[in-house]
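Peer 1: the following block contains a protein sequence and its predicted model.
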Amino acid sequence: MAKWLDNAIFYQIYPQSFFDTNGDGIGDIRGIISKLDYIKDIGFNALWLNPCFVSPFGDAGYDVSDYCTVAPRYGTNEDLKQLFEELHKRDMHILLDLVPGHTSVEHKWFKESMKADRNEFTDRYVWTDSIWEGPEGMNNIRGISERDGCCGVNFFSHQPALNYGYYKVTRPWQMSPDDPGPTATLNAMMDIMRFWLSMGCDGFRVDMAGSLVKNDEDGKGTIALWKKVRAFLDEEFPEAAMVSEWGEPDKSLEGGFHMDFLLHFGPSHYNDLFRCEHPYFGKEGKGNAAEFVSRYVKNYEKSGGKGLICIPSSNHDMDRISRNFDIEELKICFGFLLSMPGAPFVYYGDEIGMKYLENIKSVEGGYGRTGSRSPMQWDNTANAGFSSAAPEKLYIQIDPDKDRPTAQKALADESSLLNEIKKLIEIRQANPALQSNGKIRFVYAEENAYPLAFIRSLDGEEILVVINPADRECGFDLDVTADKVLYQRGKVTAENGKVTAAAQSAAYIKLK
């Protein structure tokens, strides 16, 4: 187990949009290095870096054409190695984004696989044996090469699916995960992991981790695949961390991942909290967290109570958390996010309340997601301090609002969201029960009701967390004795067998 995950708090960086040091309008690795002290000072001790490898950028780097080379627009492999070193000097860690499910059509593997004559890459991708038959359940590429057949794609039409085999083989062209082609694909991916871990990377966030083996309804084939990866890591890189984009913690943790993300799609009800018509964390108080809690508890129990289920504030694939909330509501949101088990993940700019930019032009396959990918707002200078480039050269436009939030303003304002997050992180890090491995027991999470309350515990320490986003006082019966209030926003009391929470309040109350 990567022990550093026990108290990890992640900051996600979208490299295109963080900080540009060479004036080309695109963020770069040297820009990230220059801002590490800002990140650490808030309290973050780990990074997740979105793909930074050579790519035609049809999907913002999730269409990789060379897994082992940093894209020139971001810098060099030496720059990335320096980032690893600078992080480690600060006792910080980093996950790179691994995209094992597909490549770009420009990857040399795919170009070789398109040839009619058999070669070592013929079976590297999911190909049918006839141009007239597409792989069932997948979109496909056809008619672009001399090879007869269709190639399945995982997402956009320029992202051919790598071949890890079929759990249930139903067609002559389908292969078992143990056949030579799928085995070679997995070995190549482990070689890529070995390359970056040897350079100093601390692990990977794995894109679409649950989708590699096809026709695998129960995930058994994909779990078996990741167990092989886990065995490799345990032997060669036992401290390497693995975080999955899977959304089914019982499966991902069985496969050897340390943590799994709750996703903004699928059955988690995560959107009920932050992104729906009446989000639970809205002050109107018309939300419902009960289904989220029910699903969370089921996942938690399935995963053996490991608690390593990550709840992100936002990320590059969803609307920014600020889209539905004002700053005071966001403070309550973070009171929740920074008190849950597993490692918190905070998307760059969320700490200052950056806005989702409405109806802006799609960039690099972003479409509606582009509004969450705008450049970080550092100060009130040109381009919000992100870049010295002419505005029209920016990767994505800057928020045009003259009163847009900036890091500079947030740092100077004691009442800012950033400083509230900093305070919450300090409390989390001072109390192991609030960290990744602390157990959780919900004590109030009723249908269409407020507040939300749970007890975090570890090694005899117990902390009651009470969250009331609603614009009215709420309470519930609970016979506990408060020892010490660790954090309080608004008034929350626990006395005489009742917990009472003022409007828009949050508290961490130590019980023992």
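Peer 2: Done, it's in.
Peer 1: who's in contact with the nearest residue to residue 484 once chain neighbours are set aside?
Peer 2: What sits nearest to residue 484 in space, not counting adjacent residues and going by Cβ to Cβ, 6 or more residues apart in numbering, is residue 510, at 4.4 Å. Glycine gets a C-beta too; all of them are placed from N, C-alpha and C. Residue 510 makes contacts with 431, 461-464, 482-486, as judged by Cβ atoms under 8 Å, 6 or more residues apart in numbering.
Peer 1: so which of those residues sit within strands?
Peer 2: 461-464, 484-486 (DSSP state E).
Peer 1: just the buried subset of those residues, please.
Peer 2: 462-464, 486 (16 or more other Cβ atoms under 10 Å).
Peer 1: re the thing from before, from the ones in strands among the contacts of residue 510, which two are the most distant?
Peer 2: Greatest spatial distance among the ones in strands among the contacts of residue 510 (Cβ to Cβ): 461 and 485, at 14.9 Å.
Peer 1: from residue 34, how far off is residue 86?
Peer 2: In this view, residue 86 and residue 34 are 10 Å apart by Cβ to Cβ, to the nearest Å.
Peer 1: from the middle of its chain, how far away would stretch 50-70 be?
Peer 2: 17 Å (Cα atoms, centre = their mean, to the nearest Å).
Peer 1: mind listing what's buried in it?
Peer 2: In terms of neighbour count (16+ other Cβ under 10 Å), stretch 50-70 has its buried residues at 50-65, 67, 70.
Peer 1: with stretch 218-233 instead?
Peer 2: Buried residues in stretch 218-233, counted by 16+ other Cβ under 10 Å: 219, 221-226, 228-230, 232-233.
Peer 1: mind saving the C-alpha coords of that stretch as PDB?
Peer 2: Only the C-alpha atoms of stretch 218-233 are listed here, as PDB (Å, rounded to 0.1, in the frame of the first residue of the first chain):
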ATOM      1  CA  ASP A 218     -19.600  -8.400 -14.500                       C
ATOM      2  CA  GLY A 219     -16.100  -7.000 -14.800                       C
ATOM      3  CA  LYS A 220     -14.400 -10.300 -14.000                       C
ATOM      4  CA  GLY A 221     -12.000 -10.200 -17.000                       C
ATOM      5  CA  THR A 222     -11.000  -6.600 -16.300                       C
ATOM      6  CA  ILE A 223     -10.500  -7.300 -12.600                       C
ATOM      7  CA  ALA A 224      -8.200 -10.200 -13.600                       C
ATOM      8  CA  LEU A 225      -6.300  -7.900 -15.900                       C
ATOM      9  CA  TRP A 226      -5.700  -5.300 -13.200                       C
ATOM     10  CA  LYS A 227      -4.600  -8.000 -10.700                       C
ATOM     11  CA  LYS A 228      -1.800  -8.800 -13.100                       C
ATOM     12  CA  VAL A 229      -0.800  -5.100 -13.100                       C
ATOM     13  CA  ARG A 230      -1.000  -5.100  -9.300                       C
ATOM     14  CA  ALA A 231       1.300  -8.000  -9.100                       C
ATOM     15  CA  PHE A 232       3.800  -6.300 -11.300                       C
ATOM     16  CA  LEU A 233       3.600  -3.100  -9.300                       C
END
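Peer 1: pull the residues that contact that stretch.
Peer 2: 164-167, 177, 186, 189-190, 193, 209-213, 216, 240, 242, 248, 251-252, 254-257.
Peer 1: so how far is that stretch off the chain centroid?
Peer 2: For stretch 218-233, the distance to the chain centre is 21 Å (Cα atoms, centre = their mean).
Peer 1: show the average pLDDT along it.
Peer 2: Confidence over stretch 218-233, taken as the mean pLDDT, stands at 97.
Peer 1: what of stretch 265-275?
Peer 2: 88.
Peer 1: kindly report the same for stretch 18-27.
Peer 2: Rounded mean pLDDT across stretch 18-27 is 98.
Peer 1: mind listing what's buried in that stretch?
Peer 2: For stretch 18-27, by 16+ other Cβ under 10 Å, it's 18-21, 25-27.
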